[in-house]
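*Asks:* predicted coordinates and the sequence they were generated for:
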Amino acid sequence: MNVGVAHSDSNPTHSYFNSKGIWLTYILLVFGVHLLLLSVPFFSVAVAWTLTNVLHDVCMFVMLHVTKGTPWETSDQGTSRTETQWEQIDYGKQFTATKKFLTTVPVVLFFLASFYSRYDKYHFVVNAGVLALNLIPKLPQFHKVRLFGINKY
Amino acid sequence: MAIIPATWDMYDLIQGVLQAPWYHIVFEVALVFLILKIYISQSFTPDKTLLTEKEKDILVEEWQPEPLAPDVPDDHPILQSMEKYCIEGLNGKYIKVNGKLCINMATFNFLGMVGKKELEERAVKALRVYGVGSCGPRGFYGTMDVHLELEDELAKFMNCEEAILYSYGFATIASAIPAYSKRGDIIFADENVGFAIQKGLIASRSHIKWFRHNDMEHLESLLIEQSKVDKKNPKKAKVTRRFIVVEGLYLNTGKICPLPKLVELKWKYKVRIFLEETMSFGVLGDTGRGVTEHFDINPDQIDLIAGSLENAIASVGGFCCGKKFIIDHQRLSGLGYCFSASQPPMLAAAAIESLHILKEQPRLLVDLRENCEKVHEKLSNLSSIKIFGDAISPIKHLYLTEPASDREFDLRTLENVVDYAMNEGVALTVARYLDPEENNLMPPSIRLTVNCDLTDEEINKVVQVISSGFREVLKKLSSVDMSSPLDSVEQGDGEQRASR
């Protein structure tokens, strides 16, 4: 991630998810947040898991599928300005290892949340809703597609 | 919610799995299949066309290598004029063409700085200290104290916070525009801007809207149109930058831009102005500060001013000046600044000296303006030519009053006039363009430039030679006009060859 250095990638968003240890860090972070929520006295286990799932999925949705461009000043003449972070990862390639990993995490979280909420229907609606937010835009068919022009500019 | 107790034990949870509703199980199974499908999918790049072996073979078969450099035909105009005109010595007020001393009416040396003793001495002194080249870009061992001094002097001279130096005048604006304006932005540009600006506009990849030359009503209508579009889509408008790009004094038309109106439009429609002063720096204004001084406008009102040190200043390079935060952006984003070696220090030193002379002798500018007006007045009396350009502009374009429909033909007529004048001791030039690449190609013209050192006798001589030149050439044309215009050209060419 050498920004602005000769022979570096012009846009580090392409590759930062391939850095060493970042998947583990990511999982630990989610787990840490879950522990924090569990330690709140009036949250039941079910609520804590659903909250973890909702928080994670909303954050992921905003960070990967809503935010466009880069936090860095890149020399790519603004090509990345119209692309979401997800679309920039791995130069827009589909089904790469990073993208497979990032798709798996919300699904696994959904399974866990469902399990710990004892397959309650209210929890199911909330969890499945936020899961859909994260799975649909990840599909290759939705690459650079802006439904109803939402978030086009 | 109420049905879920605060805590669970594992047994209960496992019981929960067994009692899970059918829709939940269907959903989870679907998810598992989705994940499995994603895992076994090969990675691919979307919207990339894949060719079959056969198609590849066809492409390889069809491919014809192109020569690295195209063949130059023997009758290429540049080769011809290289043969035709051989210049010796300094390109100053007088110029020696083919061994004949001519008054130079084709140089951008408006203030007669070329060949000044003080400049040469200063340059030689700097040469003894620094050597010839600077050996690197500004950010990579190429910064010498003279560069910093020159930047400082320029900023002070232009009453701006900061200035940045480029090592090549053409690259200045061609780097400055793409440093700020990117894909998706909008640039309103005058259709007759110089070639360097046109290249900068292309490099910026922005959406370019051309307005008619110096036509402020047209520009305003474009701005109104744009603001309507913006109102419809405020989200897009929020991330779109808008610029007006104009030249202070147009090289291709000799006109001065209507800056007060531009500034008014800038504030009204929230656009930024880039002002290119390659021709006007050191020429317009009481002390040579360019168009801003000419119209008495505070340079703070202009977002970016770019100028050249290659014309009136008689050195090499260019500069941009403006607010500190604007200029600093170019130190990493101005490609011409980052990636080319800095000016040779001795030329920077010469430019400093040149600026000092300009500051000490504002008389030069008064002389220049008087000469421009004199030449303009005298040439406007001639009936055979149409003079284009403002009276106080040192660049004047002479057009034929009755142009033919064929561009080449007119060009040759004008070249004949230039040859005639060269024989009489006045060096003129036809305005040259890269015809296929020019945005708005002007009709062929003789580009006359005025400098401050011309005396009244010299001006009279120039005007007299131009007038008789046009008379002679047009007379010769009309005498053979009845047969065919091409014959006359051949005849004219034959005569030139004979005279050489």
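*Replies:* On my side now, so go ahead.

*Asks:* quick one: residues in contact with the helix or strand containing A:Glu87.
*Replies:* Following DSSP states H and E, one finds A:Glu87 within helix A:85-88. Residues from elsewhere that reach helix A:85-88 (Cβ atoms under 8 Å, 6 or more residues apart in numbering or on different chains): A:11, A:13-14, A:63-65, A:67-68, A:70, A:80, A:99, A:102, A:137-138, A:143-144. For glycine as for every other residue, the C-beta is placed from the backbone atoms N, C-alpha and C.

*Asks:* what do you get if the cut-off is 10 Å, keeping everything else the same?
*Replies:* By Cβ atoms under 10 Å, 6 or more residues apart in numbering or on different chains, the residues outside helix A:85-88 that reach it are A:11-17, A:60-71, A:76, A:79-80, A:92, A:99, A:102, A:134, A:137-138, A:142-145, B:46.

*Asks:* quick one: mean pLDDT over that helix.
*Replies:* Average pLDDT, helix A:85-88: 92.

*Asks:* can I get it in PDB? Just the C-alpha atoms.
*Replies:* Provided in PDB are the C-alpha atoms of helix A:85-88 (Å, rounded to 0.1, in the frame of the first residue of the first chain):
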ATOM      1  CA  GLN A  85     -15.400   0.100  -2.700                       C
ATOM      2  CA  TRP A  86     -16.600  -3.400  -3.500                       C
ATOM      3  CA  GLU A  87     -16.300  -2.800  -7.200                       C
ATOM      4  CA  GLN A  88     -12.700  -1.600  -6.800                       C
END
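
*Asks:* please state the offset of whichever helix or strand comes after that helix from the chain centre?
*Replies:* Later in the chain than helix A:85-88, the nearest helix or strand by DSSP H and E is helix A:97-116. Between the centre of helix A:97-116 and the centre of its chain there are 10 Å (Cα atoms, centre = their mean, to the nearest Å).

*Asks:* likewise for stretch A:104-118?
*Replies:* That offset, for stretch A:104-118, works out to 15 Å (Cα atoms, centre = their mean).

*Asks:* same check, this time on stretch B:20-36
*Replies:* On the basis of Cα atoms, centre = their mean, stretch B:20-36 sits 63 Å off its chain's mean C-alpha point.

*Asks:* show me the shaky parts of the chain.
*Replies:* You didn't pick a chain, so chain A it is. Scanning chain A for pLDDT under 70 picks out A:1-8.

*Asks:* not quite, I wanted chain B
*Replies:* B:1-8, B:47-49, B:481-500.

*Asks:* can you pull out the strands in it?
*Replies:* Here chain B has its strands, by DSSP state E, at B:87-88, B:94-97, B:100-104, B:162-166, B:186-190, B:207-211, B:242-247, B:272-277, B:304-308, B:318-322, B:385-388, B:395-400, B:426-427, B:446-449.

*Asks:* and those as a markdown table, adding mean neighbour count and distance to B:Glu153?
*Replies:* As requested, these are arranged in a markdown table below (neighbours: other Cβ atoms under 10 Å in any protein chain shown; distance: least, Cβ to Cβ, whole Å):
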| stretch | mean neighbour count | distance to B:Glu153 |
| --- | --- | --- |
| strand B:87-88 | 12 | 32 |
| strand B:94-97 | 17 | 30 |
| strand B:100-104 | 19 | 28 |
| strand B:162-166 | 24 | 8 |
| strand B:186-190 | 24 | 30 |
| strand B:207-211 | 18 | 34 |
| strand B:242-247 | 25 | 24 |
| strand B:272-277 | 25 | 16 |
| strand B:304-308 | 28 | 13 |
| strand B:318-322 | 28 | 10 |
| strand B:385-388 | 20 | 35 |
| strand B:395-400 | 22 | 26 |
| strand B:426-427 | 23 | 33 |
| strand B:446-449 | 24 | 26 |
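
*Asks:* dump these to JSON lines, plus distance to A:Asn127.
*Replies:* Below are the strands of chain B laid out as JSON lines (distance: least, Cβ to Cβ, whole Å):
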{"stretch": "strand B:87-88", "distance to A:Asn127": "82"}
{"stretch": "strand B:94-97", "distance to A:Asn127": "84"}
{"stretch": "strand B:100-104", "distance to A:Asn127": "83"}
{"stretch": "strand B:162-166", "distance to A:Asn127": "56"}
{"stretch": "strand B:186-190", "distance to A:Asn127": "45"}
{"stretch": "strand B:207-211", "distance to A:Asn127": "44"}
{"stretch": "strand B:242-247", "distance to A:Asn127": "46"}
{"stretch": "strand B:272-277", "distance to A:Asn127": "49"}
{"stretch": "strand B:304-308", "distance to A:Asn127": "53"}
{"stretch": "strand B:318-322", "distance to A:Asn127": "54"}
{"stretch": "strand B:385-388", "distance to A:Asn127": "74"}
{"stretch": "strand B:395-400", "distance to A:Asn127": "73"}
{"stretch": "strand B:426-427", "distance to A:Asn127": "84"}
{"stretch": "strand B:446-449", "distance to A:Asn127": "75"}
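
*Asks:* to A:Phe110, which of the ones you listed lies closest?
*Replies:* Closest approach to A:Phe110 among the strands of chain B is made by strand B:207-211 (43.8 Å; Cβ to Cβ).

*Asks:* and that closest one, how far from the chain's centre?
*Replies:* Worked out by Cα atoms, centre = their mean, strand B:207-211 lies 15 Å from the chain centre.

*Asks:* so what angle separates the directions of it and strand B:186-190?
*Replies:* 30 degrees (axes from the mean of the first three to the mean of the last three Cα atoms, to 10 degrees).

*Asks:* what does strand B:207-211 rub up against?
*Replies:* Outside strand B:207-211, the residues touching it (Cβ under 10 Å, 6+ apart) are B:181, B:183-193, B:198, B:201-202, B:217-223, B:225-226, B:240, B:242-246, B:439-440.
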